[in-house]
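# With the sequence up front, the predicted model follows.
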Amino acid sequence: MKGPALKEKLAARIRAHGPITVADYMAACLADPDAGYYITRDPFGKKGDFITAPEVSQMFGELIGAFCLQAYLDLGAPGAFQLVELGPGRGTLMADLLRMASLRPEFVDAASLSLVETSPALRKVQAKTLEKAPLTPAFHDRFANVPDGPLILVANEFFDALPIHQYVKTADGWPERMIGLSDEGDLCFGIGTGRLDDTELPPEAQNAPEGTILETQPAANAITQEIGTRLARHGGAALIIDYGYLKTATGDTLQALYKHTHDDVLAHPGNADLTAHVNFETLARAAQEGGAKPLPPLEQGEFLLRLGLLERAGVLGSGKSNAVQDTIRDAVERLAAPDQMGALFKVLALSGNGRALPPFDM
Ligand code: SAH
């Protein structure tokens, strides 16, 4: 399906049933079975709309492989466990992770690999990337379908793609922000009849001025609670990496990215990437409700440096040409510098048994 089609489909839906929530809009734009952004394309890389950390450098996935290997050994090296990635993109992170973790053959011998991916187009890319990997992936539409057992799970830039709701402060409370049609028939923001439950209003938003936006992420929290339940029941560790904020705050973080530039979120439904910042405070709380222990999150830069990013860069660059060494140095900057991905991206680790997960503090 081509460009304007999803816009028309949404307009018809709104004409028939009334305005839709921001969450419904996000879900349709990203995952509509015919025209969803991820369903129809491979959006990564220079030609796509954005570049993610695993696509910046192999060092990212390798260091996460080192984390997973350590977590596996700390679990007592079980004879069987589920290695799971949520939203694997091109499969690059998993390929790099497995190359590193294969240094201990018992890790791959014990692992069953599950990839949670809804996009048929990306499943194909992932299978191809992992063709030579030591494990063959099983694909699942949802985390709930992944087989039980001790769990080691990673998710990079997965949670920012899950639907959020937005609420707007008005004179009489917090009605939900909706998407409807203007008199000209264009998609436009408005206010609906649903409202934020008072019990859901965080202290940070209590005295907010009119017009303030508050976001909630029930889908992200529900998956994290499920992960927490599995970890508590069977043991293991989860690593959630994304851009977001550590403490609940108000503000509109919904954004569209179209050909590497910011775009009006209503302009290109299905053809632009749509994301929202992740609230790590409520994510950690959801994991805890499931029974797992969230460790104090680290910024991505600190996380990678503690895992040995500079040492790995040194080994990779040793004996190579100046051009290769420059590329590696650029990648280190990009991944870890505070003004690039280093501070905006946060890393949350969840522990099943409440014990330490290096390099996180307790
Ligand atoms: N982790 C990858 C890709 C991030 S993009 C990387 O770092 O490069 C988001 C990924 O999540 C894509 O693979 C997308 O298809 C997938 N995805 C988005 N929403 C999903 C959902 N609800 N269920 C399963 N996969 C989803």
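Yep, it's here.

# What residues does Ala237 make contact with?
The contact partners of Ala237, taken as C-beta atoms under 8 Å, 6 or more residues apart in numbering, are 68, 71, 74-75, 151-153, 231, 349-352, 357. All C-beta spots, glycine's among them, are computed from the backbone N, C-alpha and C.

# Look at it and give its secondary structure.
Under the three-state scheme (DSSP: H, G, I helix; E, B strand; the rest coil), Ala237 adopts strand.

# Quick check: beta-bridge partners of it?
Beta-bridge partners for Ala237, by DSSP bridges, are Ile152, Ser351.

# Around the ligand, which positions in the protein sit nearby?
Residues of the chain lying near the ligand by C-beta under 6 Å from any ligand atom: 30, 38, 44, 52, 54-55, 87-89, 93, 116-119, 122, 156-158, 161-162.

# Next up, the contacts around Ala144.
Glu226.

# Just to be sure, it is in a helix?
Yes - using three-state DSSP, the assignment for Ala144 is a helix.

# how close does it get to Asp49?
29 Å (C-beta to C-beta, to the nearest Å).

# Over to Asp160?
The value you get for Asp160 to Asp49, if C-beta to C-beta is used, is 13 Å.

# Same check on Ile14?
Ile14 sits at a distance of 25 Å from Asp49 (criterion: C-beta to C-beta).

# same thing with Thr253?
17 Å.

# Just the element for the residue of the stretch 201-350 of the chain found nearest the ligand, please.
Of all residues in the stretch 201-350 of the chain, Ala219 sits closest to the ligand, at 7.5 Å by C-beta to the nearest ligand atom. Per DSSP states H and E: Ala219 is located in helix 218-234.

# Run through the strands of the stretch 1-150 of the chain in chain order.
For the stretch 1-150 of the chain, applying DSSP state E, counting those that start in this stretch gives strands covering 20-21, 81-86, 111-116, 138-140.

# looking at the ones you listed, which is closest to Asn322?
Distance to Asn322, taken as C-beta to C-beta, is lowest for strand 81-86 among the strands of the stretch 1-150 of the chain, at 34.8 Å.

# what's the closest one packed up against?
Counting contacts by 3 or more C-beta pairs under 8 Å, 6 or more residues apart in numbering; DSSP states H and E, strand 81-86 is packed against strand 111-116, strand 151-156.

# Can I get that strand in CSV? Just the C-alpha atoms.
Taking Å, rounded to 0.1, in the frame of the first residue of the first chain, the C-alpha atoms of strand 81-86 are listed here in CSV:
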residue,chain,number,x,y,z
PHE,A,81,17.4,-21.0,29.1
GLN,A,82,15.5,-18.6,26.8
LEU,A,83,17.5,-16.0,25.1
VAL,A,84,15.0,-13.4,23.9
GLU,A,85,15.1,-10.1,22.0
LEU,A,86,12.2,-7.8,21.6
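
# Give me the sheet partners of it and which way each runs.
strand 111-116 (parallel), strand 151-156 (parallel).

# right, so those strands: which one is the most enclosed?
strand 151-156 (a mean of 25; mean count of other C-beta atoms under 10 Å).

# tell me the mean pLDDT for the following helix or strand past it?
As assigned by DSSP H and E, the chain's next helix or strand after strand 151-156 is strand 165-168. Averaging pLDDT along strand 165-168 gives 98.

# mind saving the C-alpha coords of strand 165-168 as PDB?
These are the backbone C-alpha positions of strand 165-168, laid out as PDB (Å, rounded to 0.1, in the frame of the first residue of the first chain):
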ATOM      1  CA  HIS A 165      -1.800   7.800  25.700                       C
ATOM      2  CA  GLN A 166      -1.700  11.500  26.100                       C
ATOM      3  CA  TYR A 167      -3.800  13.600  28.500                       C
ATOM      4  CA  VAL A 168      -4.200  17.400  28.500                       C
END
